[in-house]
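Visitor: One predicted model, sequence on top.
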Amino acid sequence: MCEIVLSLCLSGRNDNYGFDFKRRFATAMNFLAWSAGKAGVLDRIEVVFTDWNSRPPLAGNLSLSEDAARLVRFIEVPPETAERHNPSFSPFHQSKAFNVAIRRARGKFIGVMPADILITAHAMRSLAGILDGTYAVPFDVEKTLLGVPRKMLPWYANEGAFFTRPEHIEHYLLAGDFYLKPDNVARGLMGGYGVFILPRQLIHGLRGVDERIDGWGYNDIDLALRAADRARLVNLSGYGVSCYDFEANAPMLRQKSDRQSKVHPIRPGTAENDEGWGLAGMPFKETHASPAATTDQDRATPVVAPGMTGRDWLACNMTRFPFWQALPISAAAMAAGWAGLKTVLNRALVYGVSDTSVAAALSLATPLTELTVAEDAANNLDLFWRWDVLLAGLHHVGSVHYVPTRSLSETETFDLIVINGTLPNPESLKRHCHPQTTVILSGASPAMAAGVAAELAGFALNRYAVHNVCVFSPLVIREKEAAEQWRPAGGNWIARGLLKISPRFSRIGKMCNLLMHQPLASWPHWIAAARRLHG
């Protein structure tokens, strides 16, 4: 039997915390097992999960792959035991649950992380190489706290519909890594990291995490400070190791705030817990989940709040970025966003980039979609540039491909096709459709719409023409609802005015950054210098 190099310690309970905890946890474990297998280290890592205060136990309520079912050891702390340790405000004691797993982990190194962290095969391969000495690094791993920084998947990304297989997850994470927001902000502390890893003897010497932290809190920072006299902190992002987490939505943030722990003084170099930390000596049942096939029902997690229209959903998500980027969204963009919320858009095609609000709507409605943009690049290089900047600002995570012509030669089909302006070759259009494709014509004339209808006669599509936009879709929707969903969002006059001067924002921003760091009396000098620099 191979030596366990890394034990990842997790905790949770069968209460669907965060409203879709079981799905996120199963997704993360299935992906971890797949990544570890692809990296060739599946037999050298383990996951120790403390199932705290669950009835029935969580292991019997999960859909895990065969490899994930073998990988995860469930340590069951039953309600009759957990209730004696729970804080008054929560049915869960986070630190004691972590320590139960840490105490029973078998690895040479111990990692602590949330239960829904995603780790790619590339990161797992590099991490294993660092821990077992295969990769030379300029620090002693035996005397180091290793921090694996995390990036956040937008909470509205509806990954439950897209993350159907590990290959899909890896594709989206690697394609969108640059556009995902990093979470860690503290340099010398562990706060905000996805995984923190310590040598076994170090974390046992510290007696695990501080069990006075009884709710949602600061276990990571606590460990970093209490280990400060014995180990240095190394951020592993520079060594090719990072991870991904699911961004908390508003209801989850409220749950966290309701279960927030009191902040206790942290004493560097101190093992705060007594020798019985981690409920030492208590015999807990250890189980494994039975392998089961993941079903569509397991993945189905609604993103849009019940009773909220697609139009309102886009408007709410527009608040995620500065108001000077709040584009007036056209009727065609509203229709595209509606299609992204009604169906799973794995691939979308946009002919022409004259309507940049289409990018905004798709980024906010379905940011994991693989997007292909076709345009005559000879005359629209500036618009290409604006699209790419817009997609980055709105955190589109899926792949984006630019085709410098409207005459596509590929034969792949798309789930959504948006046509801005000139109608493409009808045969080409038909070639890119499948029976479930939605086609949107922006500013369509009756003649253009009739031509498209004739070309798509072989597909079972319903046609809706409202707000000077024609939509062909397999979905049935009432005309009145279509008119409301696709009603343009004009934006306020402040946003419109700022958009007109947006090309100058970079210079204005740099000037503000410059002046804010200078004494007021020296501002005339710096303004004159900037004028000379920029002409």
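Guide: Happy to help now that I have it. Residues are numbered from 1 along each chain as shown.
Visitor: tally of neighbours for the nearest residue to Gly205 once chain neighbours are set aside?
Guide: Closest residue to Gly205 apart from its sequence neighbours, by C-beta to C-beta, 6 or more residues apart in numbering: Ala271 at 6.7 Å. All C-beta atoms are positioned from the backbone trio N, CA, C, and that covers glycine. The criterion is other C-beta atoms under 10 Å. On that basis, Ala271 has 15 neighbouring residues.
Visitor: hang on, Ala271 packs against Leu223?
Guide: No. Checked against C-beta atoms under 8 Å, the pair Ala271 and Leu223 is beyond contact range at 11.2 Å.
Visitor: Who's the closest spatial neighbour of Asp355, skipping the chain neighbours?
Guide: Distance criterion C-beta to C-beta, 6+ apart; nearest residue to Asp355, sequence neighbours excluded, is Asn420 at 4.9 Å.
Visitor: now Ala186: how far from Ala224?
Guide: 9 Å (C-beta to C-beta, to the nearest Å).
Visitor: what number of residues lie near Ser428?
Guide: Each residue near Ser428 was counted by other C-beta under 10 Å, and the total is 17.
Visitor: And it, how far from Phe384?
Guide: Here Ser428 is placed at a distance of 20 Å from Phe384 (C-beta to C-beta).
Visitor: What sits closest to Gly147 if chain neighbours are left out?
Guide: Distances taken as C-beta to C-beta, 6+ apart place Tyr193 nearest to Gly147, at 4.3 Å, with adjacent residues excluded.
Visitor: what sits opposite the one you found in the beta ladder?
Guide: Beta-bridge pairing of Tyr193, defined through DSSP bridges, involves Pro149.
Visitor: Surely it touches Lys151?
Guide: No. Here Tyr193 lies out of contact with Lys151, judged by C-beta under 8 Å, at a distance of 11.3 Å.
Visitor: for this protein, what helix or strand is lowest in average pLDDT?
Guide: Of all the helices and strands that make up the chain, helix 296-299 has the lowest average by mean pLDDT, DSSP states H and E, namely a mean of 51.
Visitor: next one: the helix or strand just after that helix to chain centre, how far?
Guide: Using DSSP states H and E, the helix or strand that follows helix 296-299 towards the C-terminus is helix 310-317. How far helix 310-317 lies from its chain's middle: 19 Å, per C-alpha atoms, centre = their mean, to the nearest Å.
Visitor: got a list of contacts for helix 310-317?
Guide: By C-beta atoms under 8 Å, 6 or more residues apart in numbering, the list of residues contacting helix 310-317 from outside reads 156, 304-305, 308, 329, 334, 337-338, 341-342, 361, 364-365, 484-487, 489.
Visitor: In PyMOL, select just the buried ones from the residues you listed.
Guide: The PyMOL selection below is limited to those of the contacts of helix 310-317 classed as buried (16 or more other C-beta atoms under 10 Å):
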select buried, resi 156+304+329+334+337+338+341+342+361+364+365+485+486+489
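Visitor: Okay, and which of the contacts of helix 310-317 map to helices?
Guide: With helices taken from DSSP state H, the overlap with the contacts of helix 310-317 comprises Met334, Gly337, Trp338, Leu341, Lys342, Ala361, Leu364, Ala365, Glu484, Gln485.
Visitor: The fourth one: what's it in contact with?
Guide: Contacts of Leu341 were listed using C-beta under 8 Å, 6+ apart, and they are Val303, Val304, Gly310, Trp313, Ala365, Thr366.
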